[in-house]
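> Curious how this folds, go ahead:
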Amino acid sequence: MEDFKYDGCPICLMNLENMEYRRLPCHYTHIFCTVCLNKLLKDRLKCDGFACPLCKFQMSFPDRGIDSFKKMDVKKSIKGNLILNVEAELDRLKKQEKYDMSRLDRFFDNVLLIVRNERKLLKGEYTEIVEKRRSQLGNILNDLSSLPNNDEKKLKETIEHLDEISQQNVTIDLDTSRCEGWRILYSEYEKPDSSYQKKVDHLQHFFGAKNFFYALTQKGIIEFNKDSHNTSYIDINFNCFELSTDKEMFGLSKLPRNDYSVFKFHGISKVFMKLLTKKTWKISNPYHTLCYILGFDLILFDTITNEIIFKKDFFSSNIYSYREKKDGMFYLLRSDLDLSFCKIVDMLKISCFRGEKVAVTIIDKKISLRNDIIKEMVNGKLFLRNKDYVFLLNSENQTAKAYPHKNIFKDGSIWHYVQTESQISFSILKNFESFSEISVKCYNL
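Here you go, the predicted structure:
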């Protein structure tokens, strides 16, 4: 493709610097000023389309008018204009995405508002029915209190009245057409965007994001993807691991004499390397520190300096789950509802864990996974879990809500999760005893 010298608009024959020009899709040299293009489209508005004035190529009317045609700078080369076109399209796409996402949020906010109002109406109607029944039964009680025992006629009338009332069942019929649409909407809304199920022997941990997942087993790291079989490619045993990001894992292996080796694993590139570590008595930066728990022992690892601190018998009981935050806080879940927290810098100064309690409230009711769990995680709530509950922790006021597993997923309990900017993925164990059958459910944010 050779550049050409632009002699002016083929229609008005003008070539002014302050004019704006657009290119038609039929040929890269068919460039017209916007004044002529607007007139051309206006004249052919009642027709099915219009033809290029130069080559007579037939085109349908563009959705966005002449804005659909690429803007051209007649002083620049064809290549220079293509670069400008691509950059302009990227900018338009970004603005369109922001606009559409805002529309989508407003749409579903309105839908949820309508659903809440419908629920309020149904509750009001049901309360009215219950109050009417309660009033009828109260009137019968009042009549009975003043009724003589030998007044058979009145007693018979009261029995018939009570039987008649009792036969009328007081309940909300959620199977009516009035509720069916909301039930369909709710079930579709709660479905994962993608999911799959695999069998893994001796599962220990699970990590990954979007199109790549890995399971850590006693035999090593196993690739765990939707479109591939379980393929082991790293034959090494870890005692435990922590994620630095959704793509990087730091595995810890225990060696003799309370020594440890740390391995760094990058999920996308599948690069695996052993790190040179050094023992220390203090951590340079608690905000880059990963915490490992082996039995009752605590191991702290600085991902920047590769420094390790070992604290033997730091905990007095078994640990279910724990999380460290980037602000240097550490959260520990010991028993069913025993959740506590401590600063990592304070843990360095003490010989055994002494944390402050987190106030836990049990929410034992049917919930919306997207609204009650995922939305709260996106808003910064910390996620911990044990055998019976999932905990969402508010680190600002040190309170937590505990949701029973049975109210979240019917087919098992959440084992691990992976959160990125665009997706949250849950690994779900069918049976906490066997640790063999696992499913992955991914929700786009």
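> which SSE is residue 104 in?
Assigned by DSSP states H and E, residue 104 belongs to helix 78-145.
> From residue 248, how far off is residue 417?
Taking CB to CB, to the nearest Å as the measure, residue 417 and residue 248 are separated by 17 Å. Bear in mind the C-beta positions are built from the backbone N, C-alpha and C, glycine included.
> Between the two, which has more neighbouring residues?
Counting neighbours by other CB atoms under 10 Å for residue 417 and for residue 248 shows that residue 417 has the greater number, 19 against 16.
> So the more buried one sits against residue 383, correct?
Yes - in this structure, residue 417 is within contact of residue 383 by CB atoms under 8 Å, at 6.1 Å.
> what's near enough to touch the nearest residue to residue 358 once chain neighbours are set aside?
Beyond its immediate neighbours in the sequence, the residue positioned closest to residue 358 (CB to CB, 6 or more residues apart in numbering) is residue 339, lying 4.2 Å away. Residues near residue 339 by CB atoms under 8 Å, 6 or more residues apart in numbering: 331-333, 357-358, 360, 384, 391, 393, 400.
> Out of these, give me the two with the largest separation.
Every pair in the contacts of residue 339 was compared (CB to CB); the two farthest apart turn out to be 357 and 384, at 14.2 Å.
> who's more crowded, these two?
When residue 357 is set against residue 384 and neighbours are counted by other CB under 10 Å, the residue ahead is residue 384, at 20 against 11.
> Check the spacing between that one and residue 414 real quick.
Between residue 384 and residue 414 the computed distance is 10 Å (CB to CB).
> Residue 340 too?
From residue 340 to residue 414 the distance is 21 Å (CB to CB).
> Excluding sequence neighbours, find me the nearest residue to residue 315.
Leaving out its chain neighbours, residue 315 is closest to residue 296 (CB to CB, 6+ apart), at 4.7 Å.
> same question but for residue 361, I mixed them up
Counting by CB to CB, 6+ apart, the nearest residue to residue 361 once its immediate chain neighbours are dropped is residue 401, at 5.5 Å.
> repeat for residue 323
Nearest to residue 323 is residue 331, by CB to CB, 6+ apart, at 4.9 Å.
> Tell me if I am right that the one you found is in a strand.
Yes - counting by DSSP: H, G, I helix; E, B strand; the rest coil, one finds residue 331 located in a strand.
> what bridges to residue 221?
On the basis of DSSP bridges, residue 221 is bridged to residue 216, residue 234.
> That one and residue 214 touch, don't they?
Yes - the criterion here is CB under 8 Å, and residue 221 meets it with residue 214 at 5.3 Å.
> Comparing those two, which residue is more hemmed in?
More neighbours sit around residue 221 than around the other of residue 221 and residue 214, counting by other CB under 10 Å; the figures are 25 against 20.
> re earlier: list residues touching both of residue 384 and residue 414?
Contacts common to residue 384 and residue 414, judged by CB under 8 Å, 6+ apart, are residue 390.
> Who are the packing partners of the helix or strand containing residue 323?
When elements are defined using DSSP H and E, residue 323 is found to belong to strand 321-324. Helices and strands in packing contact with strand 321-324 are listed as strand 289-294, strand 329-333, strand 382-385; criterion 3 or more CB pairs under 8 Å, 6 or more residues apart in numbering; DSSP states H and E.
> So what are the sheet partners of it and their directions?
Paired strands of strand 321-324, with direction, are strand 329-333 (antiparallel) (DSSP bridges).
> Let me see the mean pLDDT of the helix or strand following the partner strand.
On the C-terminal side of strand 329-333, the nearest following helix or strand under DSSP H and E is strand 339-343. Per-residue pLDDT values over strand 339-343 give a mean of 85.
> neighbouring strands for strand 339-343, and are they parallel or not?
strand 329-333 (antiparallel), strand 356-357 (antiparallel).
> For the residue of the chain most remote from its centre, give me the pLDDT.
Seen from the C-alpha centroid of the chain, the residue lying at the greatest distance (CA atoms, centre = their mean) is residue 150, 69.7 Å away. The predicted local distance difference test score for residue 150 is 77.
> Would you mind listing the residues in contact with it?
Contact criterion CB under 8 Å, 6+ apart gives no residues in contact with residue 150.
> Is it part of a helix or strand, or is it coil?
Using three-state DSSP, the structure places residue 150 in coil.
> could you measure it against residue 156, distance?
Distance check for residue 150 against residue 156: by CB to CB, it reads 12 Å.
> What is the end-to-end distance of stretch 310-327?
When the termini of stretch 310-327 are compared using CA to CA, to the nearest Å, they are 21 Å apart.
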